[in-house]
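S.K.: Provided below for reference: sequence and predicted model.
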2 protein chains.
Amino acid sequence: MRVLIGNHIDPAIRDRGDLRAWTQRLLWFAQDGDLIVLCDVPDPRFLAYVTALTGVDPASLHVLITPPGRFGGRLLDPDSLTSHQFLDAAREALTASDTRQVEEVFALWPSASVALFAAALGLADRFPGAAFVAQSGGELGNNKAAFRALAAGAGVPIAPGAVCRSASEAIDATSTLLSTAGAVVVKQAHNGAGVGNQLLVRDSMLAVDHVGARHLHHLDPGPDAIDVYWQERWDWASGEGRFPVVVEEFTPNATSLYSEHYAADTGTRPTEMGTLLYVCRRLSHQIVPLRDVDDKVRAQLLDGGTRLAETWRALGYRGHLSADAIATPDGRVLFTEVNAQVSGSLHIYQVIAHRIVDTSALPERSVVEYHVPPTWSVPDADTFFAALTELGCAWDANNRTGVIVSMPIVPLQPGLAQFVFCLAYATEADRQTVWERLDARFATVPASAYSASDHVGTPVHFAS
Amino acid sequence: MRVLIGNHIDPAIRDRGDLRAWTQRLLWFAQDGDLIVLCDVPDPRFLAYVTALTGVDPASLHVLITPPGRFGGRLLDPDSLTSHQFLDAAREALTASDTRQVEEVFALWPSASVALFAAALGLADRFPGAAFVAQSGGELGNNKAAFRALAAGAGVPIAPGAVCRSASEAIDATSTLLSTAGAVVVKQAHNGAGVGNQLLVRDSMLAVDHVGARHLHHLDPGPDAIDVYWQERWDWASGEGRFPVVVEEFTPNATSLYSEHYAADTGTRPTEMGTLLYVCRRLSHQIVPLRDVDDKVRAQLLDGGTRLAETWRALGYRGHLSADAIATPDGRVLFTEVNAQVSGSLHIYQVIAHRIVDTSALPERSVVEYHVPPTWSVPDADTFFAALTELGCAWDANNRTGVIVSMPIVPLQPGLAQFVFCLAYATEADRQTVWERLDARFATVPASAYSASDHVGTPVHFAS
């Protein structure tokens, strides 16, 4: 059996709002007999739904809830994981099965608190990369600024740009890049799904909305525009000086790809590739496996991803990681970040695509995971599941097509449930048809009702 | 020929005061025909002195001074290095010799500005590790917090401790360590020679003065003492939140050692080992080579240093690095930091000990480099050199013993020159005898006149 921990990036690095629903994706990884650690009681309907699909006996799972801690249970407080109270509960839970039977401690995010937790239970040797993680290696391995240095060191292609430690350095880097490019992307070291990115545009033709940059800023034409921008945004970009800031040349019309890998003591291996799609500068959906991509692009993605995985292995990181990249219109692959954590893709490909849908079997199937868009109004799970049946797009195991909801549907406000769901499909036309049916049913919020920069429904934002 | 750059840690990472004299140690590395870049005109007497000892023709050297920049020439402003004005001057200087003849760009600190400078001159391929350094790899490679994660990942022994990103994490780590240890060391991520370290003592028997921690704090016996300490010191330790903070168990009665290595594209090689000695919690002197040390300690130092060098090579760093460690009274070697830069030791061993003194020849010689202690009052270079002759301890090339002054003697205040000087000697008794003679001559400042925490004479503090 394993100990699975539904945590997330440490609050001391990045402050999240409420991840109770999102961290329940942990349940996709559960196997018979596992001990599941969550910050809140899982949605019973979702637990039953997931285990029915994965073939796990829900009665065999032992679910432990951490004390509410500083975040009232909305987040998993790292201190709660190592509190005497919780360690006693974990020891008691493990007594039944004997700690020697624990095969692995598996956490969504490589927090030092997990290393402390594992050590306190005598399981440090069962937590891959424990020594590195115990010394805050998780921060290092997930920092977009450190990424640029490590990628450059590994000879992996990245976009022209710089890592800045002061507004003055950011002004210099921005000026240099904008002397030849029409736009730059400003990136916080720690954020996800484009929420920490701002597209800074001098050429307004580049103010596009299919990119992973939630925020958009048009530079004034004046000579002081760059200085003024950084006076206003340095504190935001750097977390008030806490972290370095990435300033990168923006590549128009690129597609977003990723290559996931597993770093073990003995070496690394690629696990899956996929593509991310942005609508209105918001992560809209991702598709696995990666199909219909040029062989040369695929080879570059695999090669760069493998080299990055090997570098992360040399750092001391062990576990799953995602190497994210863009493919330019002229066929070059430029890497953008590494997420050394259980990304928002692992449950999609490892469990849903590979095990449930079996995307390697014939006839060919692909899996897309959609974010419920801000234009939809889904009141609750009953309504959504009823619509799936009514519209003929519920999951059909025989045909290996249809919708699999991948996190609990929990309305945060009346009428406004934000969640992600997968769709297994045969062709792009099929995918489009199902999407349009669902969109016709649920899109009742006018697009003008929200801004692309708005933070709608915190739980659905990817940790990756 | 080579381009040698007398820079130092980027001011955006660590603010230094005045390094004009200290960065002139660059002159030890000069060879015939080199282009030397400094932030201020070098002391002509020191230039003549160094080149006479290294056998370099001073007329063959081309010295370029960077524009004064934001620091009035007291520091080498990274922006000055890449200003149009300076790049034009560098191009002109290189035209005479043809850039194809430039074998290497060599900088004291791996600043992104050096990578930009090299790229602007078409010399990026002559600057080892340019790609990594261009993306601020220098910060990563010299960060004491990142060190702990990387060392743990490489399986290299470190003291028990933690890397903290908030006062709350620091309180937890301090409480845990002090439940079994009598003292902890608090370390800023970026500082040197113990100036960024504070020894935090619960057991007053451990308030010792031979350690590399300039600052000392006695914890009150009360239950809130740790909280109170961190409320007061978190901003200092973290640079107002800019960097993580290391909290480590203090090991009493340890000795400080280092193993230096060179990381090349083809592999790494050890270059020298030495020992550092602290007096009144201030770096007093260092000795090369490492003699009279237990074989097991030497083997651990070489093994750990080599593994760290290989990890830094995997990061993408190229060049000299120092792996610093302590040897505990029971014979364990625990590593404390890596300095991925030209340390304050390289000129001592590579040039003075290996080339001038030849410590590998017989009869056996060692080299110590002393910091002029705060109890000494040396008015100027003339007085010091006259005293060396008078006291019979001037450098004697035939006997391979005596004093070699390793940086310019420039009084910052009347009667108060702060500098470092080497002494080549045969036996420990000889070393002690010379030291006592010099101390008797120059120690006129009562020890009570300064505090161990005081910053006396900024230029003499090690960058390493």
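M.R.: Sure thing, it's come through.

S.K.: C-alpha from now on. contacts and neighbour counts both.
M.R.: OK.

S.K.: after the helix or strand of chain A with the lowest mean pLDDT comes which helix or strand?
M.R.: Among the helical and strand segments of chain A, the one scoring lowest on mean pLDDT, DSSP states H and E is strand A:411-413, with a mean of 79. Per DSSP states H and E, the first helix or strand lying C-terminal to strand A:411-413 is strand A:416-417.

S.K.: Only alpha carbons, please: show stretch A:440-451 as PDB.
M.R.: The C-alpha coordinates for stretch A:440-451 follow below in PDB (Å, rounded to 0.1, in the frame of the first residue of the first chain):
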ATOM      1  CA  ALA A 440     -25.100  25.200 -26.100                       C
ATOM      2  CA  ARG A 441     -26.600  23.900 -22.900                       C
ATOM      3  CA  PHE A 442     -24.500  25.700 -20.300                       C
ATOM      4  CA  ALA A 443     -23.100  28.900 -21.900                       C
ATOM      5  CA  THR A 444     -25.500  31.400 -20.300                       C
ATOM      6  CA  VAL A 445     -22.900  33.900 -19.000                       C
ATOM      7  CA  PRO A 446     -22.100  36.700 -21.500                       C
ATOM      8  CA  ALA A 447     -18.400  36.800 -22.300                       C
ATOM      9  CA  SER A 448     -18.500  40.500 -21.400                       C
ATOM     10  CA  ALA A 449     -19.400  39.600 -17.800                       C
ATOM     11  CA  TYR A 450     -15.800  38.900 -16.900                       C
ATOM     12  CA  SER A 451     -12.300  40.000 -17.800                       C
END
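
S.K.: tell me which residues of it are tucked away?
M.R.: Residues of stretch A:440-451 classed as buried: A:Phe442, A:Ala443 (neighbour count, 16 or more other CA atoms under 10 Å in any protein chain shown).

S.K.: quick one: average pLDDT of it?
M.R.: Stretch A:440-451 comes out with an average pLDDT of 80.

S.K.: and that stretch, how far out from the chain's middle?
M.R.: Counting by CA atoms, centre = their mean, to the nearest Å, stretch A:440-451 is centred 24 Å from the centre of its parent chain.

S.K.: Contacts for it, please.
M.R.: By CA atoms under 8 Å, 6 or more residues apart in numbering or on different chains, the residues outside stretch A:440-451 that reach it are A:Pro374, A:Thr375, A:Trp376, A:Ser377, A:Val378.

S.K.: So which of these is the closest to chain B?
M.R.: Of all the contacts of stretch A:440-451, chain B sits closest to A:Pro374, with 34.2 Å by CA to the nearest CA.

S.K.: Report all helices and strands that the longest helix out of those in chain A contacts.
M.R.: Counting residues, the longest helix found in chain A (DSSP state H) is helix A:295-315. Taking 3 or more CA pairs under 8 Å, 6 or more residues apart in numbering or on different chains; DSSP states H and E as contact, the helices and strands that helix A:295-315 lies on are strand A:255-264, strand A:267-279, strand A:319-327, strand A:333-339, helix B:144-153, helix B:295-315.

S.K.: List the contacts of the last one.
M.R.: Same thing as helix B:295-315. Outside helix B:295-315, the residues that touch it by CA under 8 Å, 6+ apart are A:149-150, A:153-154, A:311, A:314-315, B:132, B:141, B:150-151, B:154, B:156-157, B:258-265, B:267-270, B:318, B:321-323, B:325, B:327, B:331-333, B:335, B:338.

S.K.: before we move on, the earlier item: just the buried residues out of the contacts of stretch A:440-451, in ChimeraX syntax.
M.R.: Selection of the buried residues among the contacts of stretch A:440-451 in ChimeraX, burial being defined by 16+ other CA under 10 Å:
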select /A:374,375,376,377,378
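
S.K.: residues in contact with the spatially closest residue to A:Glu364 that is not a sequence neighbour?
M.R.: Distance criterion CA to CA, 6 or more residues apart in numbering or on different chains; nearest residue to A:Glu364, sequence neighbours excluded, is A:Ala426 at 6.0 Å. Under the criterion of CA under 8 Å, 6+ apart, the contact list for A:Ala426 reads A:Pro363, A:Glu364, A:Arg365, A:Ser366, A:Thr401.

S.K.: These, buried ones only, as a ChimeraX selection?
M.R.: Here is the ChimeraX command that selects only those of the contacts of A:Ala426 that count as buried (16+ other CA under 10 Å):
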select /A:365,366,401
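
S.K.: and chain A, which residues reach chain B?
M.R.: Proximity of chain A to chain B, by CA under 8 Å from any CA of the partner chain, involves residues A:12-13, A:129, A:131-137, A:140, A:145-146, A:148-155, A:162-166, A:241-243, A:311, A:314-317.

S.K.: do that again at 7 Å, thanks
M.R.: A:12, A:131-133, A:135-137, A:148-150, A:152-154, A:162-163, A:165-166, A:241-243, A:311, A:314-317 (CA under 7 Å from any CA of the partner chain).

S.K.: Which pLDDT does the model give the residue in the stretch 101-250 of chain A that chain B sits nearest to?
M.R.: Nearest to chain B in the stretch 101-250 of chain A, going by CA to the nearest CA, is A:Gly153, at a distance of 3.7 Å. On the pLDDT scale, A:Gly153 is placed at 98.

S.K.: Likewise for A:Asp209?
M.R.: Per-residue pLDDT puts A:Asp209 at 68.

S.K.: How about the one 10 residues further on?
M.R.: At A:Leu219 the predicted local confidence, pLDDT, stands at 89.

S.K.: Which residue, other than its chain neighbours, is closest to it?
M.R.: What sits nearest to A:Leu219 in space, not counting adjacent residues and going by CA to CA, 6+ apart, is A:Arg202, at 5.2 Å.

S.K.: follow-up on the earlier one: out of the contacts of A:Ala426, flag the one nearest to chain B.
M.R.: Nearest to chain B among those, counting by CA to the nearest CA, is A:Ser366 at 36.4 Å.

S.K.: one step back: most packed of the helices and strands packed on helix A:295-315?
M.R.: Ranked by mean neighbour count under mean count of other CA atoms under 10 Å in any protein chain shown, the helices and strands packed on helix A:295-315 are led by helix B:144-153, which reaches a mean of 27.

S.K.: what's in contact with whichever helix or strand comes after that helix?
M.R.: Where DSSP H and E defines the elements, the next helix or strand beyond helix B:144-153 is strand B:161-164. Strand B:161-164 is contacted from outside by A:Gln135, A:Ser136, B:Ala145, B:Ala170, B:Ala173, B:Pro244, B:Val245, B:Val246, B:Val247, B:Glu248, B:Glu249, using CA atoms under 7 Å, 6 or more residues apart in numbering or on different chains.

S.K.: In strands only, show me those.
M.R.: With strands defined by DSSP state E, the entries of the contacts of strand B:161-164 inside them are B:Val245, B:Val246, B:Val247, B:Glu248, B:Glu249.

S.K.: Greatest separation within those: which pair is it?
M.R.: Maximum pairwise distance among the ones in strands among the contacts of strand B:161-164 (CA to CA): 13.5 Å, between B:Val245 and B:Glu249.

S.K.: More neighbours: which of these two?
M.R.: B:Val245 (28 against 24; other CA atoms under 10 Å in any protein chain shown).

S.K.: picking that back up, buried residues in the least confident helix or strand of chain A, which are they?
M.R.: Buried-residue list, strand A:411-413, by 16+ other CA under 10 Å: A:Pro411.
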